[in-house]
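Trainee: A predicted structure for the sequence below; I have some questions about it.
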Amino acid sequence: MAVLKAQGDRQAHELLMNRLQAARPDDAILSEEGPSETGRADLTRLDAERTWIIDPLDGTREFSEVPRTDWAVHVALVADNRPIAGAVALPALGLLLSTANPPSLPPTGASAVRLIVSRTRPPAAAIHVAEDLGADLVEMGSAGAKAMAVVRGECEIYAHSGGQYEWDSCAPVAVAAAAGCHVSRIDGSELLYNQADPYLPDLLICRRELAEPTLKSLASFAS
């Protein structure tokens, strides 16, 4: 299992880096798997006109637990600290969702709101929202798989406060926004990328009609 995790991370990182550097040699790249000299510690990316933010394998644990499908590959392009394009692949499902052909948010047919959380570390804020809104909790692995579950109509809310980095959310946020979802920090502020410190600990992706009650609940949890 450990070997599969390491190979998946390394091979996906090398493939994406080689492809992006060949196609867009003047662009900067921020990758979760990048070494310090070319990855997160390289602050020359802050002066780049365009920066790719990638997570070559989001949900490494789930990737190694065959036949789980809740893992993803994230590729996003950022300019002026905002994602301008993005794609999330769900290879085990044979799906690619991207801003190039934005998915349509399907109507919800659920009898109760479904709130998606980590299968290993459900954040207290999300549990609070679920209790406030009478939502059912749905467990899932990678951040990309969770965000795309909202886009695909498998749940209505993804609220996370347990700590993440820019590569965890940038591509999912780009795709979710293009699909018509609400995207923000859990305090309602804008999600900004390609910062000196790539730590971006929280986010909210949800159907627009649920944004106001969800943000209100999150605010009451924080107060």
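Mentor: Thanks, I have it.

Trainee: Figure out the helix or strand that the residue nearest to the spatial centre of the chain lives in.
Mentor: Nearest to the geometric centre of the chain sits S169, at 2.9 Å (C-alpha atoms, centre = their mean). Using DSSP states H and E, S169 falls within helix 166-178.

Trainee: Could you tell me how far that helix lies from the centre of the chain?
Mentor: Its chain's average C-alpha position is 5 Å from that of helix 166-178, according to C-alpha atoms, centre = their mean, to the nearest Å.

Trainee: shift numbering so it begins at 405
Mentor: Taking 405 as the first residue, the last one we looked at is helix 570-582.

Trainee: any idea of the mean pLDDT in it?
Mentor: Summarised as a single mean, pLDDT over helix 570-582 is 98.

Trainee: Also stretch 424-431?
Mentor: pLDDT averaged over stretch 424-431 gives 96.

Trainee: Stretch 602-617 now?
Mentor: Mean predicted lDDT for stretch 602-617 stands at 96.

Trainee: Any buried residues in that stretch, and which?
Mentor: 602, 604, 606-611, 614-615 (16 or more other C-beta atoms under 10 Å). The C-beta positions use only the backbone N, C-alpha and C, and glycine is treated the same way.

Trainee: Among those, name the ones in strands.
Mentor: Among the buried residues of stretch 602-617, the ones falling in strands (DSSP state E) are 607-610.

Trainee: contacting residues around the helix holding S573?
Mentor: 434-436, 457-459, 462, 476, 478-480, 482, 487-492, 501-503, 506-507, 547-548, 550-552, 554-555, 587, 595, 597-599, 602-604, 607, 609 (C-beta atoms under 8 Å, 6 or more residues apart in numbering).

Trainee: from these, which would you call buried?
Mentor: By 16+ other C-beta under 10 Å, these give 434-436, 457-459, 462, 476, 478-480, 482, 487, 489-492, 501-503, 506-507, 547-548, 550-552, 554-555, 587, 595, 597-598, 602, 604, 607, 609 as buried.

Trainee: For the nearest residue to R465 once chain neighbours are set aside, give its distance to G557.
Mentor: What sits nearest to R465 in space, not counting adjacent residues and going by C-beta to C-beta, 6 or more residues apart in numbering, is G545, at 6.7 Å. Between G545 and G557 the distance is 19 Å, computed by C-beta to C-beta, to the nearest Å.

Trainee: Thanks a lot, catch you later.
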